[in-house]
Every structure is written in structure tokens, then in C-alpha cells.
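Student: Compute the structure for the input listed below.
(2 chains)
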Amino acid sequence: MSAHSTDHAAQPAILAEVNPAIIPRAVLVEQNRDFHWITEKVCGIVEGTTPTWWWWCFGLAAVIASFTVSGLVYLVSTGVGVWGHANPVNWAWDIVNFVFWIGIGHAGTLISAILCLLRQKWRTSINRAAEAMTIFAVVCAAIFPVFHVGRIWFAVMPGWLFPFPNSNGIWQNFRSPLEWDVFAVSTYGTVSVLFWYVGLIPDLGTMRDRFTATGNMLKARIYGFFAMGWRGSNRHWSNYEMAYLVLAGIATPLVLSVHTIVSFDFAVSLIPGWHTTIFPPYFVAGAIFSGFGMVMTLMLPLRAVYRLEDLITQYHIDCMCKITLATGTMVGYAYSMEFFIAWYGSNPYEGFAFINRAFGHYAWAYWIMIGCNVITPQFFWFKSVRENTTLVWILSIFVNVGMWFERFVIIVTSLARDFLPSSWGYYSPSIVEIFTFFGTFGVFSFLFLLFIRFVPIMPMSEVKAVIPAADPHAGHHH
Amino acid sequence: MKKNYGIVAAFDTTPALYQACMQVRDAGYTQWDSLTPFPVHGLDAAMGMRRSRVPRFSLTGGLIGFCTGMSFIWWANAYEYRLIVGGKPYFSPMFAFPVSYELTILFTAFATIAGMFLLNRLPMHYHPVLKAPQFVRASDDRFYIVIEASDPKFNPAQTRALLEQAGGKDIAEIEE
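Tutor: As a prediction, the model looks like this:
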């Protein structure tokens, strides 16, 4: 044994002690802000007077939202023919818009659930707003499948969507992905609202206590009603944290399943360009990509207007840009893999569908999609780009546009050139469709503006828990 | 004079609260609590609390949800109104799976939240600590320990001494 060690003594010595460089963890709240500063900052947004810009934006959002309302009233009173759908493109902007909005919602759940399970502490300052975005995006998404049935009262009547038998006693077809979608989207909407509300309870308690202290009893009662009598007891926190963890644990498979089932709407059919097994992962990656685009579109102006730079730091922006880059690259990979399989699979219909996408009548849409979804995120490789907030915001708009075009390309190009050349056509949206879709941005902004005015936009209790002062061991890790 | 609910002590930092909780736990108190503006890491152990029982509710909810989905689809399509669609069997767990999966998640979410509220005895809009004005800071930046008068070991003088010795500030009695 000793001879063995002498042999090694002649060789280059291994360091007696390894001193790895200590890379400090990124600070999540800058300038060493304390608990009270966080409370004042976040509550101050709700408690302060309504800013003038808020009223302007709110008015504008209401006007834009009225386009959706008028479009839908016109559709219901006239018939679904007011939209530009025609054989063979029976699904067009309605389903494009549905998939677009539901996809945007997915980043909110990714931030609140998946990043919670992965212990990514940077999620805390953006998760409340991102979850609100999810709920409002699901609201916008739900408009389209409900209204594209035309006579919307049938959507809730027995025999159509929800499981009640129709007048002949026949039940829904549970073999259909469209029926799965009803369950997936309604579960997603419900669980997102519940998850958001559970996260809000401690902060509503803070709002209640502050309004009680300042003597504003009406607001104290309203916030107090929703705070459920939360008093910050550690015996409550224990159950609360466990419930939050379980909700994160189930919201993770939920968000993956929702866009998987949305992709089944296409993948389970036989249409060339739709009938592919890559759809579920490709749709999920695309959903997260578009959602992060929307999170940045919303959070960057909010950060600038409310001076939230200490809470949404450059580190947060870096993280969001990198996730956008990663998911955007996955989407790019999926585009090329679809082409490869179309060639490798030797199915002439599949091959035609893809050549037609890139070089047919809708080539303009295809190349907008490639430009926005594959090229745009590549700029996020560069630190100088990520540090230029204005540029990041502009790029995030491109991501939103690109992901809308992705759904347009998938749905419209495949349907416009199906198996029968005699039924080929070119789809153009009607003005009603265009205005109805445009209006949903107003609906979304309307709801989001109400959110930032009346609800603490950041989970104060979670942000406080990630600053150094929250550590009961004062930095001595065990 | 109303009945005394208990004695409260304030702490300014989490390490101070953490140490004090361990002392109260070791002194053998059972009817006491700490109030914090955010969940303090490791405080459950310092207070000698058991692991939360919320997951039992979650599991029950999830199992009920899955069974509801499977049995309902079987009942509707293979029993109540049998209808051949696309030459497929009346029932197969394969096509019933997506809906059952979503219902598993939906029922788990409801059961988890219901379990959390039930175990926490919430909503409870009237509670002695919510009436005491100093607690506005319990949801802001200060930490409190409340030892209830109903605790078998409670003794106004000794309990106060324990909290003082543990570093508590602004020690006060609160009314029922």
C-alpha cells in the first residue's frame, strides 16, 4: 500500500485542496431592498391614484375590444357565413386564433408551475403577471371555438360540447380529439384560475391589513373577503406551501397535455401536413416560445412604467431571452424535421404539402413564419441584444407575429390543398374575421389593465422569501 | 375586561424568529403559532410541526377524478346508449384516457385547495390576532410568536419571561 503511494509521489501532484472559483448567484432583488420596500413598491401600484396613461390605455383597449363584441354579435345574429370559411378551408382564422391564444397562455403556467418545480427562484417576480396573462389568453382563446359553431347556444346545450346527451339520447363522441379539447381547455382554464387565486391569498391579506390600518374599510372588506382571513400563520403556511407544490406538480402535466391535445386536433386527422407524430412536442415548444414572447411584450413596458428594475432585473430578462432562444430553436428544428420526414417518408401527398407550404400560394406566410420564429430568437445569443430592453421588446413582438403565422401556415395551407384537386381553393379572411381577431387584443389588454390596477402585480410573499434577509440561517447553509 | 387570548412577541429578523421558535418548542408548548409575511424556510422543523397532510386530499381527489372519467365514458358509450362509431369498440381505455387524465388533474386541484382550506380552518374572517393593530406588520416585514392562553403550560409570568429571554420585543397580551 505504501509502495503504491510512493510511485505516485513522483508524478505531478494533485492539488492538496481544491479551491473552485465561487461564482456568486445572481441577485434576484437589486440594491439590497428590504421586506418593507417590496411591500410599499407592489402595494403602492394598487393604492396610488390611477395614472393618466392607464385611463388612455383602458379607453383604447375598450374601443378595440368592442370590435370583437360587434363581430360576435354580427356573427350570432347573421350566421357563421360572415367569416371567410369555405370548402375546403372550413377551419381558418377561428382555429388559428384559438391555438395562438391558448399557446400564449402556456408560458404563464410554465413560469408558475414548471419553474417552481425546478426551483428557479427568478420566477417569483414575474409569475403573478404571467399567470394573469394565462387566464386572459384562455378567455380570448375560448371565444373562437365556442363561436365558430355559429349557433353558440348549441355549444352549451346538451349533445354538443359538454357531456349531456342530445335530444335523441346520444352522448358525445369521446373518441374525438375535439371532445378531448373541451375537457383539456376547460380544465386548463379552471386550474389556472385556482392556482392564481391560491397564490394571491397572502398578498390579499397584506392589502387588507394595509387598508385596515389606513381606515379604508370598504377596500379592507373587499380584499379581506378574498383573503379568506389569511393571517400568515406558519401552521397555515405549511399546508399552503404543500398545496402550492401539489398544484405546481399537477399543472405541469396539465400544461403539457393541453397543447398535446390541441395538436391532436390536427395530428389525429388524415390531412397531409397534419398527420405527423412530431406535433405534440412541437406544439408544446411553440406554445412556450410564443408565451415567453408575450410575457416580455407585457413585462418590459410594465417594468419601465412602474420603475420595477430592482425586481425584474437584467438577470430576469436574460433568463426569459434564453428560454425564448431555446424553445425558438426547438421550433426551428421541428420545421426542418417535418421537411425531412416528408421527404424520407416518401408519401407523395405529404411531400407535396410541404413543398406547397414553402413555395406555393401561401409561401409569403411561410417565410414570415420562418423569419420570425427561427431567425428572430437567434439574436438572443448576444449579451448586447439581451441588455438592450427596447430591442428585446421589438424582437418579442416578432415572436408573437411569427407564432400566429405558424398556426395559419399549418391550418390553411394543408386545408387549401387537400386530396381532391377539384376542391382546391384560396382562403381569404372576411373583414368580420379580421376585426373579431383584432378586437381580442383589446379584450386581453382590457383585462390585463384591470389586473394591474386592482391586484398586486407581483407575489410579495414569494419575492420576500428569495431575498437574503429571508434566510433564517443567515447564509450559513447546512 | 375581555378574556386573554395569549401573549405575543415580535422579532425583526428571521434568524431571531427561528431561534425563538426552537426555544418555545423545547419548552413544551403546543398551542402556539408564529406569524410571518412569507413562508420561512425550515420553520416547520423549528416549531416541531408534522408534515402537511394536504397530499392525502390530493391523492383522493386524483383517484376519484380518474375513476369518474373512465367509468362515465364507459357508462355513456358502452352501456347507456351503445353506438358504433367508425367500427370501433364501444369502450376502450385508450380513447377514454385523455378525458380521464384531465379530470384527474381537475379533481386533484379542487381536492388540494379544499384540503388546504379545511386543514387551515379557512375562511376565518374573525380571529383575535387580526384584531390587534400591531399585526399589520405580520403581513409586511415583521415576525411574531403567539402563545395561546389555552395552552396547558401557559402561565402569564413564565410565558412572558420565556419570550423575553428568547429575544422577543414589544411583548403584549392580546384579547380574545
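
Student: Every contact and neighbour count from this point should use C-alpha atoms.
Tutor: OK.

Student: Please list all residues in contact with residue B:58.
Tutor: Shown in contact with residue B:58 (C-alpha atoms under 8 Å, 6 or more residues apart in numbering or on different chains): A:246, B:108-109, B:111-112, B:115.

Student: okay, these in JSON lines with neighbour count next?
Tutor: Shown next, in JSON lines, are the contacts of residue B:58 (neighbours: other C-alpha atoms under 10 Å in any protein chain shown):
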{"residue": "A:246", "neighbour count": "22"}
{"residue": "B:108", "neighbour count": "27"}
{"residue": "B:109", "neighbour count": "29"}
{"residue": "B:111", "neighbour count": "24"}
{"residue": "B:112", "neighbour count": "29"}
{"residue": "B:115", "neighbour count": "22"}
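
Student: Among the residues you listed, which are located in helices?
Tutor: With DSSP state H as the criterion, helices contain A:246, B:108-109, B:111-112, B:115 from among the contacts of residue B:58.

Student: Closest to residue A:80 out of those residues?
Tutor: Distances from residue A:80 to the ones in helices among the contacts of residue B:58, taken as C-alpha to C-alpha, are shortest for residue B:109 (36.3 Å).

Student: Settle this for me: the closest one is touching residue A:190, isn't it.
Tutor: No - in this structure residue B:109 lies outside contact range of residue A:190 using C-alpha atoms under 8 Å: 9.1 Å.

Student: Take the contacts of residue B:58 and lay them out in CSV including pLDDT.
Tutor: Converted to CSV, the contacts of residue B:58 look like this (pLDDT from 0 to 100):
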residue, pLDDT
A:246, 94
B:108, 95
B:109, 95
B:111, 96
B:112, 95
B:115, 95
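
Student: Spatially, which two of these are the most separated?
Tutor: Once C-alpha to C-alpha is applied, these give A:246 and B:115 as the farthest pair, at 11.4 Å.

Student: Need the nearest residue in space to the residue nearest the centre of chain B, chain neighbours excluded.
Tutor: For chain B, residue B:120 is the residue whose C-alpha lies nearest the centre (C-alpha atoms, centre = their mean; 4.4 Å). Using C-alpha to C-alpha, 6 or more residues apart in numbering or on different chains and skipping the chain neighbours, the partner closest in space to residue B:120 is residue A:236 (5.5 Å).

Student: what's the offset of whichever helix or strand that neighbour is part of from the middle of its chain?
Tutor: Per DSSP states H and E, residue A:236 falls inside helix A:234-267. Its chain's C-alpha centre and that of helix A:234-267 lie 14 Å apart, by C-alpha atoms, centre = their mean, to the nearest Å.

Student: What residues of it count as buried?
Tutor: A:234-252, A:254-267 (16 or more other C-alpha atoms under 10 Å in any protein chain shown).

Student: cool, stretch A:60-75 as well?
Tutor: Buried residues in stretch A:60-75, counted by 16+ other C-alpha under 10 Å: A:61-69, A:71-72, A:75.

Student: Within range of chain B, give me the residues from the stretch 251-400 of chain A.
Tutor: For the stretch 251-400 of chain A, the contact set with chain B under C-alpha under 8 Å from any C-alpha of the partner chain comprises A:251, A:254, A:261.

Student: Could you dump those into a markdown table and include pLDDT?
Tutor: What follows is these, written out as a markdown table (pLDDT from 0 to 100):
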| residue | pLDDT |
| --- | --- |
| A:251 | 92 |
| A:254 | 93 |
| A:261 | 92 |
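
Student: which of these lies closest to residue B:165?
Tutor: Using C-alpha to C-alpha, these come closest to residue B:165 at residue A:251, 45.4 Å.

Student: I'd say residue A:314 and residue A:385 touch.
Tutor: No - Residue A:314 is beyond contact range of residue A:385, at 11.6 Å (criterion: C-alpha under 8 Å).

Student: Which one's more surrounded, these two?
Tutor: Between residue A:314 and residue A:385, residue A:314 has the larger neighbour count (other C-alpha atoms under 10 Å in any protein chain shown), namely 19 against 16.

Student: Not counting its neighbours along the chain, what's nearest the more buried one?
Tutor: residue A:387 (6.9 Å).

Student: Of the buried residues of stretch A:60-75, which belong to helices?
Tutor: Those of these lying in helices (DSSP H): A:61-69, A:71-72, A:75.

Student: what residues go with each domain of chain B?
Tutor: Recorded structural domains for chain B (assignment: automatic domain parsing) are B:4-51+B:125-175, B:54-120.

Student: To residue A:407, which of those lies closest?
Tutor: Comparing these by C-alpha to C-alpha, domain B:54-120 comes nearest, at 22.9 Å.

Student: measure that closest one end to end?
Tutor: For domain B:54-120, the first and last residues are 10 Å from each other (C-alpha to C-alpha, to the nearest Å).

Student: Show me how far it is from its chain's centre.
Tutor: Distance, centroid of domain B:54-120 to centroid of chain: 26 Å (C-alpha atoms, centre = their mean).

Student: Stretch A:341-349 too?
Tutor: Remark: stretch A:341-349 is offset 33 Å from the chain centroid, using C-alpha atoms, centre = their mean.

Student: which stretches of chain A aren't confidently modelled?
Tutor: A:1-13, A:156-160, A:474-478 (pLDDT under 70).

Student: Strands along chain B, start to end?
Tutor: B:4-11, B:32-35, B:143-148, B:169-175 (DSSP state E).

Student: now those strands as JSON lines including mean neighbour count, mean pLDDT and distance to chain A?
Tutor: Supplementary listing: the strands of chain B in JSON lines, determined by neighbours: other C-alpha atoms under 10 Å in any protein chain shown; pLDDT from 0 to 100; distance: least, C-alpha to the nearest C-alpha, whole Å:
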{"stretch": "strand B:4-11", "mean neighbour count": "22", "mean pLDDT": "89", "distance to chain A": "12"}
{"stretch": "strand B:32-35", "mean neighbour count": "24", "mean pLDDT": "91", "distance to chain A": "4"}
{"stretch": "strand B:143-148", "mean neighbour count": "25", "mean pLDDT": "91", "distance to chain A": "9"}
{"stretch": "strand B:169-175", "mean neighbour count": "16", "mean pLDDT": "85", "distance to chain A": "15"}
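
Student: touching chain B at all, stretch A:16-35?
Tutor: Yes - interface with chain B: stretch A:16-35 contributes residue A:35 (C-alpha under 8 Å from any C-alpha).

Student: Straight-line length of that stretch, end to end?
Tutor: 43 Å.

Student: any idea which element the spatially closest residue to residue A:220 that is not a sequence neighbour lies in?
Tutor: Spatial nearest neighbour of residue A:220, excluding adjacent residues (C-alpha to C-alpha, 6+ apart): residue A:208 at 4.5 Å. In this assignment (DSSP H and E), residue A:208 forms part of helix A:177-214.
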